[in-house]
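In: How does the following fold in three dimensions:
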Amino acid sequence: MIDHCPDKLHTLCERLSGPSGPFLDDFARTLLANGYKPQVVARLLRDAAHCGKWAARCGIVIKDLNEGVVARFARHLCTCRCLGTEHRGYSRTPARVRIFLQYLRRASVLTAPAPELKRFPVLVEKYCDWMRQQRGLTEATLARHVPLIAALLDAIGEDPKRYDARGLRVFVLTRVKDRERHSGANVTTVVRSFLRYLVAHGQCAADLIGAVPTVPSWRLARLPLYLSVDAVERIIEACRSSTPSRLRDRAMLLLLARLGLRAGDVVRLRLGDIDWKKSRLRVVGKGRRETWLPLPQDAGDAILEYLKHGRPTAGDDHVFLTAQAPTGPLRSNSLSCRVAAAIGRAGVETPSHGAHLLRHSLATRMLREGVTLDVIGAVLRHRDVETTALYSKVDVDLLRQVAQPWPGAEVSLC
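Out: Take a look at the predicted model:
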């Protein structure tokens, strides 16, 4: 299998003769099966062989490799002349060697176990289980909650019966200091959520929830950020290409722009969620609420094109997969990065660069076309009509006509 990699024969033989040699053939086979390109596999094999030879000179056998040895190898690269030339181009070598380390660990070659992931206190884990079952929070949301709650326990202790108002207020005020208003409000939301869990289980006094200070935040105080119809179409057209990544990006952008889906809705979409006969797709949004939405013609065509000519072969049933190995589902932040890349290619000036910008743009477009707020709320799957009311402020010209001047003040033209 190693002979599929584009490299000179004598170099491959030299690699096979080193300490890493007995494992490189199966390592290459595993990489190719996971979707790595031959050129990338060649670089991974080179770095695995390099690390093996350096370890041998240091008296370290392959079975004793671990993360600490890789860290030492990374420091060695700064002055490396193992290949007989001045060191250069080694910035990604440690990451490639860690992939080799993972392979050796799965193959039960290494004696040292994998480093344990950071474990959070039992109280935090119980809170997460409760929020999953009772509130339907996703893992992505809990991942944002857990570090803050762990920091709270470090600051005021792990015994809820000893919590007091002063300790909570000091922690919250310290965390929200020098933060944006929206970010500070998130801190208080998470802390109150954790206290409600404790109160529900009788572990702390109920009045402690009121001790959490409030970060000023006025509902509907901001205008939604959006793009014109022409700008949205230009961004979508910037992904028109036959490459796998562009086919994928175009399909995802059309779902964002035509249905107003959130980034998480798109990346969680699975093959079984698309009903091709009825031209609809199932979306499981916040709170695990399931909704069937009509699949627009152009979005459906783009998904089909991606499935036929762009989607890599994989056992994963997510619709949209990574274009580079290892093959797997995308993350929400990855989708936002793809939107930002399309905006850059289109040369469109935008107030922000995230996936949510297209959701706001759809709502704004529907409102200006005369669609009522309750219909817009149904399409965007808002639970509260006041959330949809934010979009009623986008037509500034109409607002100028209905706005009343402040009593006793001069009428402004703006």
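
In: per-domain residue ranges of this protein.
Out: Split into domains by automatic domain parsing, the chain comes to 2-106, 122-211, 229-396.

In: now for the ones you listed, which one comes closest to P115?
Out: Evaluated with Cβ to Cβ, these place domain 2-106 nearest to P115, the distance being 5.9 Å. In short, each C-beta sits where N, CA and C put it, glycine included.

In: Now the phi/psi pair for I274, please.
Out: With angles defined as degrees, to the nearest 10, I274 sits at phi -100, psi 120.

In: so what's the backbone phi/psi at the nearest residue to it once chain neighbours are set aside?
Out: What sits nearest to I274 in space, not counting adjacent residues and going by Cβ to Cβ, 6 or more residues apart in numbering, is L281, at 4.9 Å. Here is the backbone geometry of L281 (degrees, to the nearest 10): phi -140, psi 150.

In: what's the answer for T291, then?
Out: Backbone torsions for T291, taken as degrees, to the nearest 10, come to phi -140, psi 140.

In: Please apply the same query to L104.
Out: Phi and psi for L104, reported as degrees, to the nearest 10, are phi -60, psi -40.

In: ok, now the one 3 residues further on?
Out: Geometry field for A107 lists phi and psi as phi -80, psi 0, criterion degrees, to the nearest 10.

In: and the gap between it and D26?
Out: The gap separating A107 from D26 is 7 Å, by Cβ to Cβ, to the nearest Å.

In: circling back to that earlier point, with mean pLDDT and distance to A112 as added columns, please give the domains of the chain in JSON lines.
Out: Compiled in JSON lines, the domains of the chain are given as follows (pLDDT from 0 to 100; distance: least, Cβ to Cβ, whole Å):
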{"stretch": "domain 2-106", "mean pLDDT": "81", "distance to A112": "4"}
{"stretch": "domain 122-211", "mean pLDDT": "87", "distance to A112": "26"}
{"stretch": "domain 229-396", "mean pLDDT": "87", "distance to A112": "23"}
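
In: Output the ones you listed as CSV; include the columns distance to A114 and mean neighbour count.
Out: What follows is those, written out as CSV (distance: least, Cβ to Cβ, whole Å; neighbours: other Cβ atoms under 10 Å):
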stretch, distance to A114, mean neighbour count
domain 2-106, 6, 16
domain 122-211, 20, 15
domain 229-396, 17, 17
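
In: Reformat those domains into CSV and put distance to P113 next to each item.
Out: Shown next, in CSV, are these (distance: least, Cβ to Cβ, whole Å):
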stretch, distance to P113
domain 2-106, 8
domain 122-211, 21
domain 229-396, 22
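
In: Next, count neighbours for the closest residue in space to E158 that isn't next to it in sequence.
Out: Using Cβ to Cβ, 6+ apart and skipping the chain neighbours, the partner closest in space to E158 is P121 (5.5 Å). Neighbourhood size, P121 [other Cβ atoms under 10 Å]: 13.

In: In the protein, what residue spans correspond to strands?
Out: All strands of the chain, identified by DSSP state E, fall at 274-275, 280-284, 290-294.

In: Of all these, which one is nearest G344?
Out: Across the strands of the chain, G344 has its closest neighbour in strand 280-284 (27.9 Å, Cβ to Cβ).

In: What lies in contact with that closest one?
Out: With contacts defined as Cβ atoms under 8 Å, 6 or more residues apart in numbering, strand 280-284 is touched by 261, 265, 268-269, 273-275, 290-295, 381.

In: returning to that earlier point: bridging residues for the residue nearest to I274?
Out: On the basis of DSSP bridges, L281 is bridged to I274, L293.

In: for the stretch 301-414 of the chain, what spans make up the helices?
Out: Assigned by DSSP state H, counting those that start in this stretch, the helices in the stretch 301-414 of the chain fall at 332-346, 356-368, 373-380, 385-388, 396-402.

In: Just the CA trace of the third one, in CSV.
Out: Read it as helix 373-380. C-alpha atoms of helix 373-380 as CSV (Å, rounded to 0.1, in the frame of the first residue of the first chain):
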residue,chain,number,x,y,z
LEU,A,373,-44.6,38.5,11.1
ASP,A,374,-46.4,35.3,12.2
VAL,A,375,-45.6,33.6,9.0
ILE,A,376,-41.9,34.8,9.2
GLY,A,377,-41.8,33.4,12.8
ALA,A,378,-43.2,30.1,11.6
VAL,A,379,-40.5,29.8,8.8
LEU,A,380,-37.7,30.7,11.2
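
In: contacting residues around that helix?
Out: For helix 373-380, using Cβ under 8 Å, 6+ apart, the contacting residues are 259-260, 293, 359, 362-363, 366-367, 385, 387-389, 391-392.

In: The first one too?
Out: Under the criterion Cβ under 8 Å, 6+ apart, residues 140, 231, 234-239, 249, 252-253, 256, 262-264, 266-267, 322, 350, 353-355, 357-358 lie in contact with helix 332-346.
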